[in-house]
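Peer 1: Here you go, sequence then predicted model.
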Amino acid sequence: MTDTAASLPISERRTQSQAWWNTVNAWLLLLPAAVLLVAFTHWPILATIRHSLFITRRNGTEVYVGLDSYQAMAADPIFWKALVNNFWFALGTIPTSITLALIMAIWVNRNMRGRGFLRLAYFTPTVLPMIAVANIWLFFYTPDYGALDQLRGLFGLGGWNWLGDPSTVMGCLIVMVIWKEAGFFMIFYLAALQQLSPDLEEAAAIEGASRWYTFRRITFPLLMPTTLFVAINAVINSFKLVDHLVIMTKGGPNNASTLLLYYIYEVAFTFQDSSYAATLTVVLLMLLSVIALIKFGYLDRRIHYQ
Amino acid sequence: MFARRTLLMAATFAALSFGAARPAAAVDLTMYYPVAVGGPVTKIIDDMVSRFEKENADIRITAVYAGNYTDTMTKAMTAMKGGQPPQLSVLLSTDVFTLMDENAIVPFDGLVSDKAWFKEFYPAFMANGQVDGKTWSIPFQRSTIVLYWNKDAFKVAGLDPEKAPASWDEMTEMSKKLIKKDGSGNITRWGVEIPTTGYGYWMLQALAIENGQKMMNEAGTEVYLTAPKTVGALDYWVDLSRKHNVMPTGSIDWATLRTDFLEGKTAMMWHTTGNLTAVKDAAKFPFGVAMLPAKERRGSPTGGGSFYIFKSASPEQQKAAVKFIQWMTAPERAAEWSMKTGYVAVSPAAYKTKAMEDYAKGFPQATVARDQLEHAVPELSVHENGRIYKFVNDAVQAAITGTQKPQEALAAAQAQSDRVLRAAK
C-alpha cells in the first residue's frame, strides 16, 4: 500500500520534472542567441533611444532635454537633404538591380558554353572589397583623364566633372551600386531557378504557352519568395552604404551625396556629438522597423511559399 | 597530450617574446599621424622614428597613420572616448579649441624645463597653438598655400615663364591666355585650379585675407562669413569658372589636383607647399612656385599639423613625448623634413643649416612658402571646429557648383555657425 501510494507521486513528479527540464533545456538552448541579441541589438537600441533624450555636457554630466534634439533635427537642413537623398538612392538602385539580377540569372541558367565563366564574371563585383570598388570607380569618374571622360573624348565631347557636380554625383553612385549589387542578387535568383521543377515548364510548353507567358504566370510567381528576400536586402543595403561615400565624395559636393548613415557617422565621430547622432539613429531605426513590419505583417502573407 | 604540449610551448614563447620586446624601463608611445599630401610621407616619418629610437633605446614609438587630418582627429577623439587615446599626435593646429574643450591635451609649459624653446619657432606657426597664455602645441608639419605654375604652359601661351601673377586681375588675365583647346573646342588645359574639397575653408580664407578680411576672432567664438569682403572673395573664386571660364566648373578634388597639374590639365594650381617635393619628383616640365596673388594685400593662412600631448598619458610618457618632439623639431631634422616633403621648416635656425642652404640654392622654390610667412595669418580656428569647417566647406561647394549664389551660401553657413558657436561664448 505504501508502495503504490508512494509510487504515484513519484511518476507524477517524474513527468513534472521532465516538463520542467524540457523548459530549462529549451531556454538554455535559446540562451546563447538570446544573450547575443539582447547585448548587441536590443540593449543598444534602448540605450540609443534613451541617449537621444539627453545631452552630454563638457564635464561629462548628462542633462535631460526631452525632445529638444528631435526639434533641432527637424530644423536641420542637412538631415532632410540626407533623407531625401536616401530616398532617391533607394528608388534608383533597388528596382534596377533586382531586374538586372533576374535577367542575368535567367541568362546564365541556360545550358550554354562558357556558363561558369559568365556566372563568375557577374559575381565578381560582389567579391571585391568595398574600398577597392570605390577606387576603381573613382578612376572611371575622374574628370578629363578618367575612363568615362576618355570615352566621351572619342566622340568629341569635353570632360565632365562626374562626382564634382551635384546633378550627376548621385547618378554616379547609383550606377556603381547597381553594378555591385546585381551580381550578388543574381546568385539568389540562380539558386531559386535551379530549385524550380522542370515539369511545370514542360507542362506549359505542351499546353502551348509562350515563353513570356510561362515566365509571367509560372516562373516569376514561384520566384516571389526570393524576390521578397532580395528586395528587403536591397532596401537595407541602401541605408547601409557608407564606405563608398568616405572614399569617393565625403558626402559632397555640398551634401549632394550625403546619405543618412554617412551623416550619422559624421555627427557621431567627426563632430563628437553623440546625442544628436543617437537622435538620427532612432530615425534610421524607425525607418528600418517599418520596412520589417511591412515584410512580416503584410507581404509574407501574400506570397506563396512552396 | 600533444595539443597541450604545443599550447604550453606557444604560451612560453609568447611570454618570452613579450618579455624580450620590452626592456624593463621602456616607455611605449603611440602617435597618430595624418597624411594630407602625396609622396612617401609615412616612410619619411617611420625612418625618423626609428632613428630616434636608436638614439633613445628606452623609448618606443608606434606611428599610426590614420588618414587625412579629419580622419586622424576623428580617430583620436574616438579612441579617447573609448579609453585608449594615443600619447601624442600630430593634428591640425586649429583643432586646439576642440581638444581643449574635450579636456584631451596638456600644455607644454609644465613639461619643458626651458620655455625659451617656444621662441625658436616662427611666431606665425605658434599663433594657433597659444591660447590663454599657454602653449598647447608645437608646430611640425606646417605649411602655407602657394601657387604652382607650369613654365612650359606659360611659354606656349606667350607669357614670361619666370613671372607668376602678382594680383587677382593678373591671374585672371594670364589664365585666359593659358587656356588650351582641342580641335572641337573642348578645353584640354585650364588656366588655374583652386581645390574645393577637403580644405575649401582654407582656400576661402586665403582669398578673404587677400581681400582684406579676417574670418574669425582670436577667442575662436565668431566667424565673419557674411562680411562683404568674404563674400567678395567667394565671388571671385566662382567667377573664375562661371564668368571667366578659366577654371573647371564643379568641385575640384584636393587629392587629385596635384595629378591634374602634373598631367598638364591646369597651368596653375593653388595647393599646400607640403606637396612641393612630390611635385618636384614627378614633374616632367619646369615649374615655378610663387606666393599667392594679392587683391588688397598678399596673404595666406598658415596650415597643417602640430604636435599635441594627451592628458591621459603618464608623466613618464609625457616626458618621453616631449623628448621626441624636441628631437623631431630640432633644426637639422626640421630642415630634412622640409627638404623631403616641401613643408615649411618650423624654425629660422633650420634654414641656416648647411644642408638647407645648399638645397635652397639649387631649388629656390623651397623657400617661397617660408617667405610668405610674413604675410601669413593664423588658420581659421574656432570652438566646434569640425562643424564650422563643414558649414564653410558646404557653402564653398554650393557656390562653386552653382547651387547657390555666394551670398546666400555664406549667409546659410553664417547662420548655422552662429547657432553652434552660441554655446562657446
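Peer 2: Okay, I see it.
Peer 1: Just the buried positions in the helix or strand bottoming out on mean pLDDT in chain A, please.
Peer 2: Using mean pLDDT, DSSP states H and E, helix A:300-302 stands out as the lowest-scoring helix or strand of chain A, at a mean of 75. Residues of helix A:300-302 include none that count as buried (16 or more other C-beta atoms under 10 Å in any protein chain shown). (C-beta placed from N, C-alpha, C; glycine too.)
Peer 1: residues contacting A:Pro253?
Peer 2: Listed by C-beta atoms under 8 Å, 6 or more residues apart in numbering or on different chains, the contact set of A:Pro253 reads A:164-166, A:169, B:196-197, B:250-251, B:397-398, B:400-401.
Peer 1: cool, B:Met171 as well?
Peer 2: Here B:Met171 is in contact with B:165, B:192, B:268, B:293 (criterion: C-beta under 8 Å, 6+ apart).
Peer 1: can I assume it sits in a helix?
Peer 2: Yes. Checked against DSSP: H, G, I helix; E, B strand; the rest coil, B:Met171 lies within a helix.
Peer 1: how close does it get to B:Met247?
Peer 2: B:Met171 sits at a distance of 10 Å from B:Met247 (criterion: C-beta to C-beta, to the nearest Å).
Peer 1: shared neighbours of those two, which are they?
Peer 2: Joint contacts of B:Met171 and B:Met247 (C-beta under 8 Å, 6+ apart) are B:Val192.
Peer 1: ranges for the strands of chain B?
Peer 2: Residue ranges of the strands in chain B, as given by DSSP state E, are B:27-33, B:59-65, B:88-92, B:105-106, B:130-131, B:134-135, B:138-150, B:180-181, B:187-193, B:266-272, B:287-290, B:302-310.
Peer 1: Could you do the stretch 101-250 of chain A as well?
Peer 2: With strands called from DSSP state E, counting those that start in this stretch, the stretch 101-250 of chain A shows none.
Peer 1: which bits of the stretch 201-306 of chain A sit near chain B?
Peer 2: Contact residues (C-beta under 8 Å from any C-beta of the partner chain) of the stretch 201-306 of chain A with chain B: A:250, A:252-256, A:266, A:269-272.
Peer 1: ChimeraX command for the buried members of the residues you listed?
Peer 2: The buried subset of these, as determined by 16+ other C-beta under 10 Å, is captured in ChimeraX by this line:
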select /A:250,252,253,254,255,256,266,269,270,271,272
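Peer 1: Take the residues of the stretch 201-306 of chain A next to chain B and keep only those in strands.
Peer 2: The strands in this structure, assigned by DSSP E, contain none of these.
Peer 1: and A:Ile106, which of the strands of chain B is closest to it?
Peer 2: Proximity to A:Ile106 (C-beta to C-beta) singles out strand B:187-193 among the strands of chain B, at 45.0 Å.
Peer 1: circling back to that earlier point, closest to B:Gly305 among the residues of the stretch 201-306 of chain A next to chain B?
Peer 2: Among those, A:Thr270 lies closest to B:Gly305 (C-beta to C-beta), at 16.5 Å.
Peer 1: in terms of contact, does that closest one touch B:Lys75 like I think?
Peer 2: No. Between A:Thr270 and B:Lys75 there is no contact under C-beta atoms under 8 Å: 10.4 Å.
Peer 1: gap between B:Val322 and B:Tyr343?
Peer 2: Separation of B:Val322 from B:Tyr343 (C-beta to C-beta): 21 Å.
Peer 1: So for those two, which sits in the more crowded spot?
Peer 2: Set B:Val322 next to B:Tyr343 and count neighbours by other C-beta atoms under 10 Å in any protein chain shown: B:Tyr343 wins out with 28 against 19.
Peer 1: Against chain A, how distant is the more buried one?
Peer 2: Using C-beta to the nearest C-beta, to the nearest Å, B:Tyr343 is found at 24 Å from chain A.
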